[in-house]
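Trainee: Got a predicted model here, sequence first, then my questions.
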Amino acid sequence: MPTMKTKKSATKRIKMSATGKVLRSQGGKSHLNGYKPRGRKRNLRGTTVADTTFAKTAARMLQGN
């Protein structure tokens, strides 16, 4: 049986925390930023925890062995 490759697009977009949660970056900050308040754009920085229903799929995409 062939080895399962890591989804390279997933490695660029999501990562697993030490406790096994899926971390993702927030959307809505790449265009139409002129009218968005500074605080809204500031709060979109960094990462947030993805939904738990996505955790199993994300782990499968990232395992790669």
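Mentor: Ah, there it is. Numbers count the residues shown, from 1 in each chain.
Trainee: longest helix in this structure, by residue count?
Mentor: Counting residues, the longest helix in the chain under DSSP state H turns out to be helix 55-63.
Trainee: What helices and strands are in contact with that helix?
Mentor: Helix 55-63 sits against helix 8-13, strand 14-16, strand 22-25, with contacts defined as 3 or more Cβ pairs under 8 Å, 6 or more residues apart in numbering; DSSP states H and E. C-beta: built from backbone N, CA, C; applies to glycine.
Trainee: Am I right that Gly34 is in a helix?
Mentor: No - assessed with DSSP: H, G, I helix; E, B strand; the rest coil, Gly34 is coil; it does not lie in a helix.
Trainee: what's around it, how many residues?
Mentor: A total of 5 residues lie near Gly34 under the criterion other Cβ atoms under 10 Å.
Trainee: Which residue is the nearest non-sequential neighbour of the residue positioned nearest the centre of the chain?
Mentor: With distances taken as Cα atoms, centre = their mean, the residue of the chain nearest its centroid is Arg24 (2.3 Å). Of all residues not flanking Arg24 in the chain, Ala50 sits nearest, at 4.6 Å (Cβ to Cβ, 6 or more residues apart in numbering).
Trainee: And for the one you found, the neighbour number?
Mentor: Residues lying near Ala50 (other Cβ under 10 Å) number 16.
Trainee: which residues does it contact?
Mentor: By Cβ atoms under 8 Å, 6 or more residues apart in numbering, the contact list for Ala50 reads Ile14, Lys21, Val22, Leu23, Arg24, Ala58.
Trainee: Run through who's touching the lowest-mean-pLDDT helix or strand in the chain.
Mentor: Comparing every helix and strand of the chain by mean pLDDT, DSSP states H and E singles out helix 55-63 as the least confident one, with a mean of 89. Contact with helix 55-63 is made by Met4, Thr6, Lys7, Ala10, Thr11, Ile14, Lys15, Met16, Gly20, Lys21, Val22, Ala50, as judged by Cβ under 8 Å, 6+ apart.
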